[in-house]
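Novice: Have a look; sequence and predicted model below, questions after that.
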Amino acid sequence: MERLPKKFTDRIDRERGLNVIPIKQDEKKEPENKVFDRSTMVEQSCFKLGKGEFKYPHSIKIHLNGGDTTKSMDYMHLRDKHYDRDAGIILFYNNATVTIYGEDLDELYRHLDNRKVAAISVYEKSSLQTKEASKENTKVAIVTEINVKYKDKDIEQEIEEMRQNAFKNKNQSGNGHSR
C-alpha cells in the first residue's frame, strides 16, 4: 500500500473530524531515556585519538620522560593486546612489548582495540584529575608509567649509547642543547 505525503493525510484527518495539531520541528522533544554515546568522548589528556583523514593512525606515538623521549610503534606490527583493570595494558609487538600502567584505562584500551589512538603520554595524577574530572562526571584515564622493552637487545643498546652521547654533549656544551 502506498503512503500518502504527510500534508495529505493531515487534510484527510481534518475532513474526518479528527483534531490534527501539527508539531513544529523545534517543539519535538528528545526521548528522556537518551543513551550515552561513548563515541562522542574523543580523548583525554593521557591519550589522543586520530582525527580527520588520520582517524585510524598507522602508529602510536608514546611520549616518555615528560615528552623528552618519543617512540613510534606501528599498528601493523601489533600482534596482541592484554588488559587487566588491576594491572594495566600490555601491547605485544613483533619487536617489542609496551606496558602501560595506570588507573581507569578502560577508554584507552577500547580505543587501542579499535586502532584509533594516535598518542599516549604519562601525566601526573593530581593535576589531571582536578582538570578533567571537574569538566564532566566521568572517569579519567590516568597513565602513571609506560615501559617499552625491545626483544632485540641491539636496539636497546643503541638507544642507551645515543643517550650517553647526548649526555656527554650536554655536559660539554653546558646548555643542554647541541644546535
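Specialist: Perfect, thanks for sending it.

Novice: helix or strand right after the helix-or-strand element of the chain with minimal mean pLDDT?
Specialist: Least confident helix or strand, the chain: helix 125-133 with a mean of 51, by mean pLDDT, DSSP states H and E. Sequence-wise, the next helix or strand downstream of helix 125-133 (DSSP states H and E) is strand 142-150.

Novice: buried set for that next one?
Specialist: Of all the residues in strand 142-150, those buried under the rule 16 or more other C-beta atoms under 10 Å are Ile142, Val143, Ile146, Val148, Tyr150. Using the backbone N, CA and C atoms, a C-beta is placed for each residue, glycine as well.

Novice: send the alpha carbons of that strand over as CSV?
Specialist: Taking C-alpha atoms only, strand 142-150 is exported to CSV below (Å, rounded to 0.1, in the frame of the first residue of the first chain):
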residue,chain,number,x,y,z
ILE,A,142,45.5,8.2,34.3
VAL,A,143,48.7,6.7,32.8
THR,A,144,51.3,6.6,35.5
GLU,A,145,54.1,4.7,33.7
ILE,A,146,54.9,3.3,30.3
ASN,A,147,57.7,0.8,29.7
VAL,A,148,59.0,-0.3,26.3
LYS,A,149,61.1,-3.4,26.2
TYR,A,150,62.7,-4.4,22.9
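
Novice: Show the secondary-structure elements that it is packed against.
Specialist: The elements that strand 142-150 packs onto, with contact taken as 3 or more C-beta pairs under 8 Å, 6 or more residues apart in numbering; DSSP states H and E, are strand 59-64, strand 96-103, strand 117-121, helix 125-133.

Novice: Please list the outside residues in contact with that strand.
Specialist: Counting contacts by C-beta atoms under 8 Å, 6 or more residues apart in numbering, the residues outside strand 142-150 that touch it are 46-47, 62, 64, 71, 73, 95-105, 108, 120-123, 125, 128-129, 156.

Novice: Output the buried residues of strand 142-150 in JSON lines; the columns should cover pLDDT and distance to His77.
Specialist: Shown next, in JSON lines, are these (pLDDT from 0 to 100; distance: C-beta to C-beta, whole Å):
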{"residue": "Ile142", "pLDDT": "87", "distance to His77": "27"}
{"residue": "Val143", "pLDDT": "89", "distance to His77": "21"}
{"residue": "Ile146", "pLDDT": "92", "distance to His77": "17"}
{"residue": "Val148", "pLDDT": "91", "distance to His77": "13"}
{"residue": "Tyr150", "pLDDT": "91", "distance to His77": "12"}
